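Undergrad: Return a 3D structure for these sequence lines:
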Amino acid sequence: MFDHLKYLSSFFLPGCVLWFLYTGPHSAISALVWTIPLWALIVLDWFSPKVNINKKKQPVSAGFYDAILYALAILQFLIIGLLLHYASQLQWSSVTEISRSIVNLAVLRILIGTTSGSSALIVAHELIHRSQRHKQILGKMLLYTVCYEHFVIAHLQGHHLSVATPEDIATAKLDENFSSYWQRVIVEHFKYAWDFELKRLCLEHTPVYHYQMLANSVFRGVIIEVTLVVLILIVFGWAAAFIFLYQALAGVRLLESINYYQHWGLEEGRADQMLAWVNQSSLSEYALVGLTNHVGHHQQAHCSFYEIPYSDQGPIMPYGYFVTNLWVKLNNASYRRVSAGILKNYLHQARI
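TA: Below you'll find the model as predicted:
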C-alpha cells in the first residue's frame, strides 16, 4: 500500500544539495561533510531490497507522477541559481581562502554534478518522450542547464531506433571500457544530432553562418548554451562560469555512464531479445523515478515510467545504479569482467 509514495525518495539528494547551497559557502571540513548524503545513498543502494516482480504494480496517478517531475525540475533551476551565487561568493585573496574555495568547488562539482545527472537529466529524459509540447520544452530547458540540448535528437532519433545493435552510438560494445566509451559518445552524439538536422532541413552544403541555419535546432541550442555561459561569466564571474561548465560536464558524464551500463555488451542484443540490462534495486527504481525499468522503457518508449510493467527480460545487474556508477568509474576492469560472466551465463541459459 502507498508504494507510489516511495517516488518521493527522489527528492532526498536534491533537497540536501539545495540546503547545502542555501547555507553556504562553507568551511573546507563542513563542505566535505555535506557529501555524506551521497555516500549514504550509495550504501543504501548496496543493501536495497530487490524489486518484487511477482507483486502487482500499484496504480500511480498521472498527476502525482507529473507533480514529482515538475518539482524536481524546479529544484534543478533553483540549484543552478544558488550554485552561481555560491561560486560568486568564494574568496581568493589569501592561501587560506584559496584552499577553502577549491574544496568548495570540488564539493560543488560532486554534489551538483550528481543531481544534474541523476535527477535533472533523468527528468529531462522522461519529458522529451512526452507528446505534450510544454513538457518537451521543459525537458529541453533542463538539458540547457548541462549544455546538452542535442541529446533530444541523439536519443529519440538515434538511440531508441537502433538500441542493442552495432549501429547504436549509446550501446557500449562488449569489453568496451568506460573511458573509451565516454570519449566516443560525447563526440558522436553531437555529430549525429548535427548531421540529422542538416539532412532534415536539406542544409548539408549550407555554410554555418547562413541565416537558414537558424532552423537547425542543434545550432540554436549551441547559441543558447554559449550565450548562457557568457551571461554567467559577466554577471557572476569566472568561478561561477567555471563550476557551471564543470557540473555540466559531470552531469553529462553521469548520464552517459548510465547509458554505458544499461546496454553494455548488448550490441548484438536485439537478436536475442535483449534491449537493456535488468536492475532489481528498489532504491534505484524509486529514487530515479522509474528509470531502472529500462527494458520496459525500450519496449514501450511512448509510455511514462510509472505506467510500464516491470520487465526482467535480460541479464541482471548485480547492484543498483548508484553502486554501479561508482564501480564503473573506480574499477572498470572488474565491472567488465563480472558483467561479461553474467552475460555469458544468461545467454547460455536462454539458449538451452
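
Undergrad: Give the residue spans of the chain that score low on pLDDT.
TA: Across the chain, the ranges flagged by pLDDT under 70 are 1-2, 53-59, 352.

Undergrad: Could you list the buried residues of stretch 37-52?
TA: The neighbour-count check on stretch 37-52 (16 or more other CB atoms under 10 Å) flags 37, 38, 41, 42, 44, 45, 48, 51 as buried. Placement of C-beta: from N, CA and C, glycine included.

Undergrad: My guess is the first one contacts residue 16. True?
TA: Put plainly, it is residue 37. Yes. Counting by CB atoms under 8 Å, residue 37 touches residue 16, with 4.2 Å between them.

Undergrad: Assumed residue 208 was part of a strand.
TA: No. With DSSP: H, G, I helix; E, B strand; the rest coil as the criterion, residue 208 is located in coil rather than a strand.

Undergrad: just to revisit the earlier point, looking at the buried residues of stretch 37-52, which one is closest to residue 229?
TA: residue 38 (26.0 Å; CB to CB).

Undergrad: Look up which helix or strand the residue lying closest to that closest one once chain neighbours are set aside falls in, please.
TA: Closest residue in space to residue 38, ignoring its immediate chain neighbours: residue 114 at 6.0 Å, by CB to CB, 6 or more residues apart in numbering. Here residue 114, judged by DSSP states H and E, is contained in helix 95-115.

Undergrad: Would you mind listing the buried residues in that helix?
TA: Result for helix 95-115 [16+ other CB under 10 Å]: buried residues 100-101, 103-115.

Undergrad: Which residues does it contact?
TA: The contact list for helix 95-115 (CB atoms under 8 Å, 6 or more residues apart in numbering) reads 13-14, 16-17, 20, 24-28, 31-32, 34-35, 38, 76, 79-80, 83, 86-87, 90-92, 239, 242-243, 246-247, 249-251, 253-254.

Undergrad: Could you do stretch 165-181 as well?
TA: 154-155, 158-159, 162-164, 184-185, 188-189, 192, 256-257, 259-261, 263-270, 328-329, 332-333, 336, 340, 343.

Undergrad: Could you do stretch 37-44 as well?
TA: 12, 13, 16, 110, 111, 114, 283, 287, 322, 323, 326.

Undergrad: Residue 86: what's it in contact with?
TA: Residue 86 is in contact with 21, 24, 25, 104, 108, counting by CB under 8 Å, 6+ apart.

Undergrad: tell me which element the residue nearest the centre of the chain falls in.
TA: In the chain, the residue lying closest to the centroid (CA atoms, centre = their mean) is residue 255, at 3.0 Å. Assessed by DSSP H and E, residue 255 sits inside helix 238-263.

Undergrad: in that helix, what counts as buried?
TA: Those would be 239-263, for helix 238-263 by 16+ other CB under 10 Å.

Undergrad: Residue 170: what secondary structure?
TA: coil.

Undergrad: Can you report phi and psi for it?
TA: Here the main-chain torsion angles of residue 170 (degrees, to the nearest 10) amount to phi -90, psi 0.

Undergrad: Near it, how many other residues are there?
TA: Other residues near residue 170 number 24, with proximity taken as other CB atoms under 10 Å.

Undergrad: got it, and residue 4?
TA: By the criterion of other CB under 10 Å, residue 4 has 17 neighbours.

Undergrad: I figured it was touching residue 60, is that so?
TA: Yes. Residue 4 is in contact with residue 60 according to CB under 8 Å; the separation is 4.3 Å.

Undergrad: What ranges does the stretch 251-352 of the chain have for its helices?
TA: In the stretch 251-352 of the chain, the segments counted as helices under DSSP state H, counting those that start in this stretch are 282-287, 294-299, 321-330, 332-350.
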